[in-house]
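Q: have a look at this prediction, sequence included:
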Amino acid sequence: MQKQFLVYCCLLFSGLLFSQENVSGKIIYDNNQPLPGANIYWENTEIGTTSDDQGKFTIPFSANHTVLVISYVGFKTVVLTVSSPKKITQKMEYDTSLDEVTLTNVRKSLQKSYLVTSNMQTMSSKELLKAACCNLSESFETNPSIDVNFSDAISGSKQIKMLGLTSPYILMTEENIPAIRGAAQAYGLSFVPGTWVESIQITKGAGSVVNGYESISGQINYELIKPANDIPFFLNAYGSTDSRFELNIHFNKKINDKWATSLFLHGSTRLAKNDMNDDGFLDNPIGNQINAINRWQYTNAEKGWVSFINLRVMKDDKQMGQVDFDPNRDKGTTNFWGSEINTEKVDLSAKMGYVFPDAPWKSIGFQNAFNYHNQESYFGLNQYNIKQNSFYSNLIYNSILSNTLHKFSTGMNFTYDNYSEFVNVTDFSRIDNSVGAFFEYTFDDNDKWSYVFGGRIDYHNRLGVFLTPRAHVRYKPFEKTTYRLSAGRGKRSANIFAENQQLFASSRQFQILDTNGKIYGLDPEIAWNYGFGMMQGFQLFGKNAEFSLDFYRTDFQNQAVVDVDNSPQSVLFYNLDGQSFANSLQVDLNYEITRHFTIRTAYKYYDIETDYTIGLAERPLQAKHRFFTNVAYETHVKDRGQQWKFDFTYNWLGEQRLPRTQSNPEEYRLPEYASAFSTFNAQITKTFSQTFEIYVGGENIGNYQQPNPILGSNDPFGSYFDSSMVYGPVFGGMYYAGLRFKIQ
């Protein structure tokens, strides 16, 4: 959260601001790169801090201390005389009297803080490089807080869950602008290439009211690489044994001391047809994606201005289904079962932030974003087309109340969504719009206590007028002990077809049982989320260790229930009648065996139940017990920057309840529960210099394959066909290799 003290984060609507009673700033080194982990302290005192992953820091100012010391191993120590609260930028110089130092291991790739009020963790770009992170949906394989699984056995798409709830209940934002929502819910994560991402912030529980009212189980915010900090050229090439090939190229240009621009190009393709389980269906879709973004950044720190302008275009085409399916010949027939999903996107956004030069605790931010999303698709004989035009605008003002211990954020935002949606021949087109105002108060003594209380009022043409209260409290009784509490309310309109597209690839008939509501005849979803968490740092055998525990409960007052248990030939949508809840318990233990050798473990327990037509039952396709381990080792950096990196991830998933199929003929029945299974992923990276590296790796090395992932695959146009009941890998082990090249 400290990184929100940068000027550009004012337009990301942080609740934490620069303070006139603090000295704050940024530590940099070569090419103005941020230097994380630098020590900043007042001379002859115990008052100090360290720079975060963006090189930022904040330290309380007192007139009794005027000598500020900045140090980092391998760099010359800097001593500054600071006589008043101010913002500084300090460039560090290498200490040439020491051996060569290469900064490749100066920060944790997955960071948690004892001082941030909310339960948030930050994944840096270094964490994303630990696996074959080709797009955002594949960015969480090494993160125990996020569950990743395939959504079906046809599309190859991955879905993520937080606190046991799927991605529609997670607010997904790009640089704090709502991003993956509406028509993009099913496949939007695969439209963000991993090399574009600078960092990801994961917040469990109720999010900030500044970012809207829809967050229920948490928020995931991803930051794109900033033009002002980017290198001139980057290339990443990737290929895998499942015939997937990708190429990412980044160009960056510093035009002058105020303007910088980046052009990111992404291309991916899969041409070969794979059927490793011999069920007659493709294990992965064939197709291609072309994706490009042009970013402009304007920075005038002296006058307090920062601005970003982004233009993105994307085209993604997928073909799925039986191996022998030919769309030119078989589309719309029962010759062979097939599917195509063709998507086009255009996004334009602009953000402006202004920090008052004489009052750095005061700022104004203004964000605007236009999105065009057009998906044309069919699944066998089911046709689904959706087009969405959206506009989002947010204005925020940040300041203080009496002194910098008391901060506030206030403002208003507007959202407009125009949907053209057709399910076969039925028209579900509509226009949604909302306008809201918010206020959020923050107290932070930079030590033991901090809390955030926020609320907003919104008017939505379908949801009506409603209030959204949220609260976060942090207490740090000791240096490495932190407790957190949170509570909040979320409300959203469920896009039942866009969010459940995997069900089109089945013989199920869609039925909406309620017709009196304003959203497909349903009422809006409303839920309360409550959470408790604690972090404890300690020494184990002389090395740093960290234990954390958190428990969250989500209670739905109303929910658009998706019922696949009433009959294997139907899916029912109806308003919740009874109770629906999700309890999530996670225990983590992280241990730094040596400076270059770390182990990360986690156990998760889920208790998720909903009242269906069959009664109160476990949520299907959800393991109650999960265990996670990640081991990472890096060799010391040698001459010319040579280094080896090793990463290994183990996942164990307990048994999962499967949707009921007892009424089917025996050959088309599944057991009540799927068996527990394990998966293993590994990657080895060899860095030859600061400009070139290669990597090889494998996913599902144990070669686990879910038996019978497509029910009725021998008769896809029959009454028992269903490809949506997927709980594990559909195909066996996948191996890949790639290279990265940089011009610094």
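A: Perfect, thanks for sending it.
Q: looking at this protein, which helix or strand is least sure?
A: Least confident helix or strand, the chain: strand 33-34 with a mean of 76, by mean pLDDT, DSSP states H and E.
Q: partner strands of that strand, parallel or antiparallel?
A: Applying DSSP bridges, strand 33-34 is found paired with strand 22-29 (antiparallel).
Q: just the mean pLDDT for the strand it pairs with, thanks.
A: Computed over strand 22-29, the mean pLDDT rounds to 84.
Q: can you give me how far that strand is from the chain middle?
A: How far strand 22-29 lies from its chain's middle: 28 Å, per C-alpha atoms, centre = their mean, to the nearest Å.
Q: what comes into contact with that strand?
A: 5-6, 18, 34-35, 38, 40, 51, 54-61, 68, 70, 72, 75, 82, 85-94, 103, 360, 404 (C-beta atoms under 8 Å, 6 or more residues apart in numbering). The C-beta positions use only the backbone N, C-alpha and C, and glycine is treated the same way.
Q: for PyMOL, write the select line for the buried members of the residues you listed.
A: Remark: buried members of the contacts of strand 22-29, expressed as a PyMOL selection using 16 or more other C-beta atoms under 10 Å:
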select buried, resi 5+6+18+34+35+38+40+51+54+55+56+57+58+59+60+61+68+70+72+75+85+87+90+92+103+360+404
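Q: could you pick out which of the contacts of strand 22-29 are located in strands?
A: If you go by DSSP state E, the contacts of strand 22-29 have 34, 40, 56-60, 68, 70, 87-91, 404 in strands.
Q: min pLDDT across the residues you listed, which one?
A: Among the ones in strands among the contacts of strand 22-29, pLDDT bottoms out at Pro34, giving 79.
Q: for it, give the beta-bridge partners.
A: Pro34 has these beta-bridge partners by DSSP bridges: Ile28.
Q: residues touching it, list them.
A: Pro34 touches 26-28, 51, 53-56, 229, counting by C-beta under 8 Å, 6+ apart.
Q: hmm, back to that, nearest to Ile512 among the ones in strands among the contacts of strand 22-29?
A: Closest approach between those and Ile512, by C-beta to C-beta: Lys56, at 49.8 Å.
Q: the ones in strands among the contacts of strand 22-29: which two are farthest apart?
A: Longest span within those, C-beta to C-beta: Lys91 and Thr404, 26.7 Å.
Q: got any ranges where the chain has weak pLDDT?
A: The model of the chain has pLDDT under 70 over residues 1-20, 30-32, 46, 53, 73-74, 94-107, 639-640.
Q: what are the ranges of the helices in it?
A: 125-128, 327-330 (DSSP state H).
Q: list the helices and strands the first one packs on?
A: It refers to helix 125-128. Packed against helix 125-128 by the contact rule (3 or more C-beta pairs under 8 Å, 6 or more residues apart in numbering; DSSP states H and E) you find strand 197-204.
Q: CA-only coordinates of the strand it packs on in PDB, if you can.
A: The C-alpha coordinates for strand 197-204 follow below in PDB (Å, rounded to 0.1, in the frame of the first residue of the first chain):
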ATOM      1  CA  VAL A 197       1.600  -6.700 -16.100                       C
ATOM      2  CA  GLU A 198       3.900  -4.800 -13.700                       C
ATOM      3  CA  SER A 199       2.200  -6.000 -10.500                       C
ATOM      4  CA  ILE A 200      -1.000  -7.400  -9.100                       C
ATOM      5  CA  GLN A 201      -2.700  -6.400  -5.800                       C
ATOM      6  CA  ILE A 202      -5.000  -9.000  -4.200                       C
ATOM      7  CA  THR A 203      -7.400  -7.800  -1.500                       C
ATOM      8  CA  LYS A 204      -9.500 -10.300   0.400                       C
END
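Q: can you name the residues in contact with it?
A: Strand 197-204 has contacts (C-beta under 8 Å, 6+ apart) with 53, 118-125, 128, 136, 139, 143, 145-146, 162-163, 217-226, 486, 531, 533, 550, 552.
Q: tell me which of these fall in strands.
A: Secondary structure from DSSP E places 120-124, 162, 218-224, 486, 531, 533, 550, 552 of the contacts of strand 197-204 in strands.
Q: Trp305 is in contact with Tyr298, isn't it?
A: Yes: with contacts defined as C-beta atoms under 8 Å, Trp305 counts as touching Tyr298 at a distance of 6.8 Å.
Q: quick one: the strands in the stretch 201-350 of the chain?
A: With strands called from DSSP state E, counting those that start in this stretch, the stretch 201-350 of the chain shows them at 218-224, 233-240, 244-254, 259-270, 286-300, 305-321, 338-355.
Q: nearest to Gln706, of those?
A: Set against Gln706 and scored by C-beta to C-beta, the strands of the stretch 201-350 of the chain come closest in strand 305-321, at 17.1 Å.
Q: CA atoms only: put the closest one into CSV for me.
A: What follows is strand 305-321, C-alpha atoms only, in CSV (Å, rounded to 0.1, in the frame of the first residue of the first chain):
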residue,chain,number,x,y,z
TRP,A,305,0.4,16.7,-12.9
VAL,A,306,0.4,13.0,-14.0
SER,A,307,-1.7,11.7,-16.9
PHE,A,308,-2.1,8.4,-18.8
ILE,A,309,-3.8,7.7,-22.1
ASN,A,310,-4.3,4.1,-23.3
LEU,A,311,-5.6,2.7,-26.6
ARG,A,312,-6.0,-1.0,-27.0
VAL,A,313,-7.3,-3.2,-29.8
MET,A,314,-7.8,-7.0,-29.6
LYS,A,315,-9.1,-9.8,-31.8
ASP,A,316,-9.4,-13.4,-30.6
ASP,A,317,-10.7,-16.4,-32.5
LYS,A,318,-11.2,-19.9,-31.1
GLN,A,319,-12.4,-23.1,-32.6
MET,A,320,-13.4,-26.0,-30.3
GLY,A,321,-15.2,-29.3,-30.4
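Q: direction included, what does it pair against?
A: Strand 305-321 is paired, per DSSP bridges, with strand 286-300 (antiparallel), strand 338-355 (antiparallel).
Q: most packed of these?
A: With neighbours defined as mean count of other C-beta atoms under 10 Å, the strands paired with strand 305-321 peak in mean count at strand 338-355, which reaches a mean of 20.
Q: next one: that one to chain centre, how far?
A: Distance of strand 338-355 from its chain centroid, counting by C-alpha atoms, centre = their mean, is 16 Å.
Q: so who does Tyr530 touch?
A: With C-beta under 8 Å, 6+ apart, Tyr530 has these contacts: 205, 486-487, 552-553, 555.
Q: tell me what it is bridged to.
A: Ala487, Arg553.
Q: how much space separates it from Gly205?
A: 8 Å (C-beta to C-beta, to the nearest Å).
Q: any common contacting residues for those two?
A: Listed as contacting both Tyr530 and Gly205 by C-beta under 8 Å, 6+ apart are 486, 552.
Q: and Phe510, what are its bridge partners?
A: Val571.
Q: next, count neighbours for it.
A: 17 (other C-beta atoms under 10 Å).
Q: hmm, back to that, make TSV out of the strands paired with strand 305-321 and add distance to Asp447.
A: Output for the strands paired with strand 305-321, formatted as TSV (distance: least, C-beta to C-beta, whole Å):
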stretch	distance to Asp447
strand 286-300	32
strand 338-355	25
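Q: tell me which of those lies nearest to Gln690.
A: Closest approach to Gln690 among the strands paired with strand 305-321 is made by strand 286-300 (23.7 Å; C-beta to C-beta).
Q: quick one: the residue lying closest to Leu247 once chain neighbours are set aside from Ile309, how far?
A: Nearest residue to Leu247 in three dimensions, chain neighbours excluded: Gly267, at 5.1 Å (C-beta to C-beta, 6 or more residues apart in numbering). According to C-beta to C-beta, Gly267 and Ile309 sit 24 Å apart.
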